[in-house]
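please work out how this folds:
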Amino acid sequence: MTEVVTKVAVVCPGCGRPPGDGGGVDDVGRRQRRLAAIARAASSVADAASLSVTLDVVAREVVQATHISAVQILRVERGTMRVVGKAGFTDADDFAERLEACRKLGARLMFVEAYQSHRRIVVPHRKAAVLADPRWEPLHAIMGAPDWDTFVAVPLVVRGRAVGVLNAFYSPGEDPGNETLEFLDAMADQAAMAVDSAELLARSRHEARLEERARLARELHDSVVQQVFSMRMHAKALRAQVGSATPDQVRGVADELLGLAQNALADLRGLVLQLHPLELAGRGLVGAVRTLAESLQAASGVRIRIIADELPELPTELQDDVYRIVQEALHNVVKHAQATSAVVSISVTDGRLTLEVRDDGVGLAGTPRPHALGLVSMRERAQQWNGTMEIGNTAGGCRVLVRMTVPEEH
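Here you go, the predicted model:
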């Protein structure tokens, strides 16, 4: 069976223009709907925390703004394509497996060719060819459900790299014109931006985890390991003095050992608190924050005051994210602010949690680096709860202000 593949627009024989490219009132309305769809898709790319939610929005906007029955958005990960956004199709959890079965049967995957070539592909009357081809039999039920005819595959390309493909299934009698194809290109660009942003976000989180591990390793080496090494040397000295040392000498070495052991235990408790704050504190968010403040105050000399009324029951994940934001903010105070005191305030009002960390230090020198790992982590944790994070100077130092939404049911 021969498949027809074209990369040129279909021209209306009556007017010499591609369908949908006229100048009538309907065409103006279509242009306005398409521009609005692009704007809404761009907004979803900027605001949505979940890639699948974002790409579902992009797919729905395409279907609602054009004469298209269905849309699929596929992402390529480690050489495998999977559906990450769709509209107009029935749910099929095993779509990827069925698609792989078609490929093994020898079906020609036009969207793969679009992905590999970085070029848009248009195939008129594709549905009839797919349903008549036994190599597509594993997907006949899914592909046959929407009412469509012509197929268009647009690669998702960002910074010269293809990250996926947008498949559009046109309604019968609707041929893609230049304007419609340009609209699909614009929506594919939005989808590509969303995929690229998700990859950058995953990479930044991975780098943040690596940075956190490196920091914990440094603290272990600089505190606990050094103290245990000193304890070992004192124990050797004590053993060498047995039989010849006076009781006061032995007592002196034993006191040194006791002090080192207590310091090492305190440092270990501090590190464990960073890894499992809520479990160790055993008193919820406020208890964990107070324990953190006591530990930092003892180590740095910075006076830290906690202001927190009795909080309602909060999801454990939200408590952990709030704690991590406080931890990062106070870490910055101790390390950079040259402050003598800090205040942490936590409150919940009308379903909104407000966190404020203030210090009396030197403040920020210029604009904070937006891609600094600590700030990225704090902002991401706030955004996971439909929240915001602001940081800036005040009259007497620096302030971090975070607002997060408390789920109604948890």
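
buried residues in stretch 306-320?
Neighbour-count burial for stretch 306-320, counted by 16 or more other C-beta atoms under 10 Å, picks out 306, 308, 311, 314, 318, 319, 320. From N, CA and C alone the C-beta is placed, and that goes for glycine too.

same thing with stretch 122-130?
Of the residues in stretch 122-130, 122, 123, 124, 126, 127, 129, 130 count as buried by neighbour count, 16+ other C-beta under 10 Å.

so the second one makes contact with residue 111?
No. Counting by C-beta atoms under 8 Å, residue 123 does not reach residue 111; the two are 9.9 Å apart.

what sits in contact with each of the two?
Jointly contacting residue 123 and residue 111 under the rule C-beta atoms under 8 Å, 6 or more residues apart in numbering are residue 153.

re the thing from before, which one of the buried residues of stretch 122-130 sits closest to residue 391?
residue 122 (49.1 Å; C-beta to C-beta).

the closest one sits in which helix or strand?
Secondary-structure assignment from DSSP states H and E places residue 122 in strand 121-123.

centre of the chain to whatever helix or strand residue 327 lives in, how far?
Element membership of residue 327, judged by DSSP H and E, is helix 316-336. Relative to its chain's centre, helix 316-336 lies at 19 Å (C-alpha atoms, centre = their mean, to the nearest Å).

what lies in contact with it?
Helix 316-336 is contacted from outside by 274, 277-278, 284-285, 288-289, 292-293, 296, 299-300, 302, 304, 339, 342, 344, 346, 353, 355, 357, 359, 361, 374, 377-378, 381-382, 384-385, 389, 398, 400, 402, 404, 406-407, 410, using C-beta under 8 Å, 6+ apart.

next helix or strand past that helix?
Using DSSP H and E, the helix or strand that follows helix 316-336 in sequence is strand 341-349.

what's the angle between that following strand and helix 316-336?
Using axes from the mean of the first three to the mean of the last three C-alpha atoms, to 10 degrees, the inter-axis angle of strand 341-349 relative to helix 316-336 is 160 degrees.

quick one: buried residues of strand 341-349?
Using 16+ other C-beta under 10 Å as the test for burial, strand 341-349 gives 341, 342, 343, 344, 346, 348.

pLDDT of the helix holding residue 327, averaged?
Regarding helix 316-336, the rounded mean pLDDT is 88.

mind listing what's buried in it?
Buried residues in helix 316-336, counting neighbours by 16+ other C-beta under 10 Å, are found at 318-334.

do I have it right that residue 398 meets residue 359?
Yes. With contact defined as C-beta under 8 Å, residue 398 counts as touching residue 359 (5.6 Å).

show me where the stretch 201-350 of the chain has helices.
Counting by DSSP state H, counting those that start in this stretch, the stretch 201-350 of the chain has helices at residues 226-241, 247-275, 277-281, 284-300, 316-336.

before we move on, what about the stretch 1-150 of the chain?
Here the stretch 1-150 of the chain has its helices, by DSSP H, counting those that start in this stretch, at 25-47, 51-65, 95-105, 110-117, 126-132, 140-144.

so what does the last one touch, helix or strand wise?
Okay, so that is helix 140-144. Counting contacts by 3 or more C-beta pairs under 8 Å, 6 or more residues apart in numbering; DSSP states H and E, helix 140-144 packs against helix 126-132.

which residues are contacting the helix it packs on?
Applying C-beta under 8 Å, 6+ apart, the external contacts of helix 126-132 come out as 1, 3, 110, 123, 136, 139-140, 143-144, 148-151, 169.

sweet, I'm off.
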